[in-house]
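Just need the structure, nothing else, for what follows:
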Amino acid sequence: MINSTETLNEHIHSCTQSFEDKLSGNDGKRHVILCGGTGCLSNNSKEIQAKFEQLIAEKGLSDKISVNQAGCFGFCSQGPFVKLYPENTLYRLVSVDDVEEIVESDIVNNTIVERLLYVEPSTGKKVSKQEDINFYKKQKRIALHGCGVINPEDIHEALGMGAFQGLRRALSMTQEQVINEVLASGIRGRGGAGFPSARKWLFAYNMDSDEKYVVCNGDEGDPGAFMDRSILEGNPLAVIEGMMIAGYAIGAKNGYFYVRAEYPIAVNRLRIAIKQAEEMGLLGDNILGTGFSFHCHLRLGAGAFVCGEETALLNSIEGKRGMPRPRPPFPAVKGLWEQPTIINNVETLACVPFILREGAGEFAKVGTENSKGTKVFALGGNVNNVGLVEVPMGTTLRELIFDIGGGIPNGKKFKAIQTGGPSGGCLTEEFLDEPIDFDNLVAKGSMMGSGGAIVMDEDTCMVDVAKFYMEFICDESCGKCSPCRIGTKRMLEILTRITDGQGTMKDLEDLEALSKTVKNNSLCALGQTAANPVNSTLAHFRDEYLAHIVDKKCPAHICKNLMEYHIDEEKCRGCGLCAKNCPAECIERTDHIPEGHKLASFRINTEKCVKCGSCIATCRLNAIEKK
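Just a heads-up that it's a prediction; the model follows:
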């Protein structure tokens, strides 16, 4: 039990030394660390770990080799990962069948298994160290501190990497000093529009109330986003510590984690971290003998996107239907159970311990003038290096997509990047050298949002993209206000007509008018930003809308009602594979035998064709194309 600052100092020193010895090999052992993030676990990381433990035990090496897990390594497209300390050798795309070779070659005979090393595409060279891979070189980990390094279910390893040092310093300061430190850091909320975090804290601090609350918004609902999940899976104690610092600053004794139930691994590790902190006396009553008490509670969300909006989230915690409240009053004045409440998302709270531990100046020197620190992005879509990325604010989109992301697969041309999820917009090639920060993205017609970044290549239909996000918004609208409930539905109907080839120029006018109405009159940010993907695609890809409406063509050949499949008879060799695999039986042999060919070619009956694409998938000669 840690019951004083002196005891904590001693324990931190012991844990730090132990953890450093583990990484450097000074403990006389080797350590096998496996990625324990959701992505790698779904690719048999747990089975790989069990195989390591079995083989190491069979060889009588259990006293010399430890096997354990860490959080997400970030480079998701290359997982599952296995890392060996103290050599720092990193193996990627590891399967259960590879374990025996790693044990025999590397662990027993100290010979690297080169076929499992990452190959840098730009040079063709194999890389054995994580820090030498281009994907990691331009990243800086603040929110992701400890993720992919520590065991998230071991509080001692977290203490060895700096956990609770920020809280220790905060408790030696007054509440006003803590708020001023956070204010000086310049940190803005990482969950949406980027409101200055310390100002929110100050509002709540100045409220006269016997009960105040801190709420962590872990209801991450953007399509393709997994930033908050990975932080909670990789270093839950950092978020707990950030919540405790916030609680001390405003005078709150209770904090609520609101995490969607679809994150079972994150929820389980958060529960373990809370229990371990309580058992050590770092969470609960009279923490470190300072008189400060703080308790963490966990609430699971049912997966409603609207509960990412802070007032809808508060309703959900209270057991009510997740629907937004009119503002003012704002939550900092009247929030959870009508008491002053500050709501920060997972990433924001994960940055707070760094600010108190290292000082506001260290955080503020990273980033841009009005957007300090780093930002975590879930980089996905048509990009080679899919994964979790944390970069300094001010990093350009080009660096994010091409240096860290490795560019577009299959030599395709970059078309757009959607930032901010359904609330954001599409940015085109002309914006590739723009720095990423809160204000700049908004000025260019998008927004930071929680950090989703979906890359699209030349084969993407931007009208279809707008329709996809509008379908999502319609499904997730709570229905409380008419502009969002009805307006988004009408917008979806227009987009559907356009992609079906039934759109008119009047539809385009109505779409733009509805966008303004929904934005200006919706109750919460879900409706107010619902039209952003439509507006940005109209601004940058209006020609695609016109092609759908006027020419009745989809330039990207995505919209089924506006395309046809055709066989190039000169390329077709008459093998019949496409006809054998056609579920609609719409491919027929012709009477035409191309010159130099032995068999007659085939043709597609476009009236019977269901456009499933099986013919293209089976043709070995690329003789089938979409028009």
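
residues near the nearest residue to Phe195 once chain neighbours are set aside, how many?
Among residues not flanking Phe195 along the chain, Gly189 sits closest, at 5.0 Å (Cβ to Cβ, 6 or more residues apart in numbering). (Glycine included, C-beta is placed from N, CA and C.) Other residues lying near Gly189 total 22 when counted by other Cβ atoms under 10 Å.

pretty sure Gly189 is touching Val346, no?
No - distance between Gly189 and Val346: 11.2 Å, which falls outside the contact criterion (Cβ atoms under 8 Å).

Contact partners for the residue nearest to Phe195?
Contact criterion Cβ atoms under 8 Å, 6 or more residues apart in numbering gives 195-197, 200, 344-345, 348 as the residues in contact with Gly189.

any common contacting residues for Gly189 and Val346?
With Cβ under 8 Å, 6+ apart applied, the contact sets of Gly189 and Val346 do not overlap.

so what's Gln528 scoring on pLDDT?
On the pLDDT scale, Gln528 is placed at 91.

ditto for Ala302
Confidence at Ala302, expressed as pLDDT, is 90.

The contacts of Gly189: which two are farthest apart?
Spatial extent of the contacts of Gly189 (Cβ to Cβ) is set by the pair Pro196 and Asn345 at 14.1 Å.

Sort out for me which of the contacts of Gly189 are in strands.
Per DSSP state E, strands hold the following members of the contacts of Gly189: 344-345.

Quick one: mark the members of the contacts of Gly189 that sit in helices.
197, 200, 348 (DSSP state H).

now, which of the residues you listed sits nearest Gly487?
If you rank those by distance to Gly487 using Cβ to Cβ, Lys200 comes first, at 29.7 Å.

wait, the closest one sits on Pro340?
No - Lys200 is beyond contact range of Pro340, at 10.5 Å (criterion: Cβ under 8 Å).

Among those two, which residue is more densely surrounded?
Of the pair Lys200 and Pro340, Pro340 is the one with more neighbours under other Cβ under 10 Å, namely 25 against 22.

Who are the contact partners of the closest residue to that one other than its chain neighbours?
With Cβ to Cβ, 6+ apart as the criterion, Pro340 has its nearest non-adjacent residue at 4.0 Å, and that residue is Met207. The neighbourhood of Met207, defined by Cβ under 8 Å, 6+ apart, consists of 332-333, 340.

Show me the shaky parts of the stretch 151-300 of the chain.
Within the stretch 151-300 of the chain, the set of residues satisfying pLDDT under 70 is empty.

all helices of it, in order?
With DSSP state H, counting those that start in this stretch as the definition, the stretch 151-300 of the chain shows helices at residue ranges 155-160, 165-170, 175-185, 197-205, 227-234, 236-250, 264-280.

Could you tell me how many residues sit around Phe195?
By the other Cβ under 10 Å criterion, the neighbourhood of Phe195 contains 12 residues.

Adjust the sequence numbering to begin at 14 for everything that follows.
New numbering, starting at 14: the last item is Phe208.

List the residues that contact Gly434.
Counting by Cβ under 8 Å, 6+ apart, Gly434 has contacts 235-238, 462-463, 465, 482.

From these, pick the one nearest Asn81.
Minimum distance to Asn81 across the contacts of Gly434 is 27.7 Å, recorded for Ala238 (Cβ to Cβ).

Who are the contact partners of that closest one?
Contacts for Ala238 were tallied using Cβ under 8 Å, 6+ apart; they are 391, 434, 463-465.

Tell me the predicted confidence for the residue nearest to it when sequence neighbours are not counted.
In this structure, Ala238 finds its nearest non-sequential neighbour in Gly465, 4.2 Å apart by Cβ to Cβ, 6+ apart. Gly465 is assigned a predicted lDDT (pLDDT) of 87.

Can you name the residues bridging to Gly465?
With DSSP bridges applied, Gly465 shows beta-bridge pairing to Ala391.

Over to Ile300?
According to DSSP bridges, the partner residues bridging Ile300 are Phe305.

Same question for Glu601.
What pairs with Glu601, by the bridge criterion (DSSP bridges), is Arg616.

in the chain, which helix has the most residues?
Assignment by DSSP H; longest helix in the chain turns out to be helix 18-37.

between that one and helix 277-293, how big is the angle?
Note on geometry: by axes from the mean of the first three to the mean of the last three Cα atoms, to 10 degrees, helix 18-37 and helix 277-293 are set 130 degrees apart in direction.

Could you list every helix and strand in contact with helix 18-37?
Using 3 or more Cβ pairs under 8 Å, 6 or more residues apart in numbering; DSSP states H and E as the contact test, the elements touching helix 18-37 are helix 168-173, helix 178-183.

With distance to Arg284 as extra columns, can I get the ones you listed in CSV?
As requested, those are exported to CSV (distance: least, Cβ to Cβ, whole Å):
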stretch, distance to Arg284
helix 168-173, 13
helix 178-183, 20
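
Could I get those in CSV, plus columns for distance to Met518 and mean neighbour count?
Conversion of those to CSV gives the following (distance: least, Cβ to Cβ, whole Å; neighbours: other Cβ atoms under 10 Å):
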stretch, distance to Met518, mean neighbour count
helix 168-173, 60, 23
helix 178-183, 58, 23
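
For Glu382, find the nearest of those.
The stretch from the helices and strands packed on helix 18-37 with the least distance to Glu382 (Cβ to Cβ) is helix 178-183; that distance is 24.8 Å.

The closest one - contacts with which helices or strands?
Identification of packing neighbours for helix 178-183 by 3+ Cβ pairs under 8 Å, 6+ apart yields helix 18-37, helix 249-263, helix 359-371.

Throw those helices into CSV and include distance to Asp477 and mean neighbour count, thanks.
Converted to CSV, the helices and strands packed on helix 178-183 look like this (distance: least, Cβ to Cβ, whole Å; neighbours: other Cβ under 10 Å):
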stretch, distance to Asp477, mean neighbour count
helix 18-37, 48, 15
helix 249-263, 37, 28
helix 359-371, 30, 27
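
Just tell me which of these ends up closest to Val228.
Among the helices and strands packed on helix 178-183, the nearest to Val228 by Cβ to Cβ is helix 249-263 (8.7 Å).

Tell me how far Thr409 lies from Met174.
If you measure Thr409 against Met174 using Cβ to Cβ, to the nearest Å, the figure is 30 Å.

quick one: which of the two has more around it?
Met174 (19 against 16).

what about the closest residue to that one other than its chain neighbours, which helix or strand?
Using Cβ to Cβ, 6+ apart and skipping residues adjacent in sequence, the residue nearest Met174 is Gly159, 4.8 Å away. Take DSSP states H and E as the rule and Gly159 turns out to sit in neither a helix nor a strand.

So what's the residue count around Gly159?
24.

same check, this time on Val563
When neighbours are counted by other Cβ under 10 Å, Val563 registers 11.

That one belongs to a helix, doesn't it?
Yes - when classified by DSSP: H, G, I helix; E, B strand; the rest coil, Val563 is found to be part of a helix.

what separates the closest residue to it other than its chain neighbours from Leu106, distance-wise?
Here the nearest residue to Val563 in space, its sequence neighbours aside, is Met518; by Cβ to Cβ, 6+ apart that works out to 7.8 Å. Here the criterion is Cβ to Cβ. By it, Met518 lies 51 Å from Leu106.
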